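Trainee: have a look at this fold, sequence not included:
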């Protein structure tokens, strides 16, 4: 099992920036992909971005491309989400997730492709 602990959420004005962190522990060796998802009130959880531990290869949703950047620090077993130029529509609970064992980044795109989740951290963007 993998344990994930997120931090870094908060309240920010539109146009501002936040950085989220996700510390991973436990059996991470076969979890090749780490991802960030978000869930706004009344909406389904949606894909934001993913990264591989090994090469740093990434995938990013069109809605945040150019504004959000995912990165990882293998020595710290930590994944980051740098969010710039935040918009009110980015308001959501953000979740860190680890992919199911053996999945590569091309296949790990949906909620069901991830089976370890953090507790979530609230990001609120005011207009």
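Mentor: Cool, the structure landed. Since we're looking at a predicted model, the values are computed, not measured.
Trainee: pLDDT below threshold where in this protein?
Mentor: Filtered on pLDDT under 70, the chain yields no residues whatsoever.
Trainee: can you give me the helices in it?
Mentor: Under the criterion DSSP state H, the chain contains no helices.
Trainee: find the centremost residue of it, please.
Mentor: residue 36 (1.7 Å; CA atoms, centre = their mean).
Trainee: next one: it relative to residue 127, how far apart?
Mentor: To residue 127, residue 36 is 23 Å away according to CB to CB, to the nearest Å. Glycine gets a C-beta too; all of them are placed from N, C-alpha and C.
Trainee: try residue 15
Mentor: 10 Å.
Trainee: repeat for residue 46
Mentor: Counting by CB to CB, the gap from residue 46 to residue 127 is 21 Å.
Trainee: do residue 86 as well
Mentor: 11 Å.
Trainee: list residues touching both of those two?
Mentor: Taking CB atoms under 8 Å, 6 or more residues apart in numbering as the criterion, residue 86 and residue 127 both touch residue 14.
Trainee: residues contacting residue 47?
Mentor: Taking CB under 8 Å, 6+ apart, we find residue 47 in contact with 35, 37, 61, 109-111.
Trainee: one more time with 7 Å
Mentor: Residues in contact with residue 47 (CB atoms under 7 Å, 6 or more residues apart in numbering) are 37, 61, 109-110.
Trainee: which one of those residues sits closest to residue 20?
Mentor: residue 37 (11.6 Å; CB to CB).
Trainee: what's the spacing between the closest one and residue 74?
Mentor: 22 Å.
Trainee: rewinding a little: got the contact list for the closest residue to the residue nearest to the centre of the chain other than its chain neighbours?
Mentor: Nearest non-adjacent residue to residue 36, counting by CB to CB, 6 or more residues apart in numbering: residue 48, 4.4 Å away. Counting by CB under 7 Å, 6+ apart, residue 48 touches 36-38, 61, 64, 68.
Trainee: wait, which of the residues you listed is closest to residue 53?
Mentor: Residue 53 has its nearest neighbour among these in residue 36, at 14.5 Å by CB to CB.
Trainee: from residue 49, how far off is that closest one?
Mentor: Distance from residue 36 to residue 49, by CB to CB: 5 Å.
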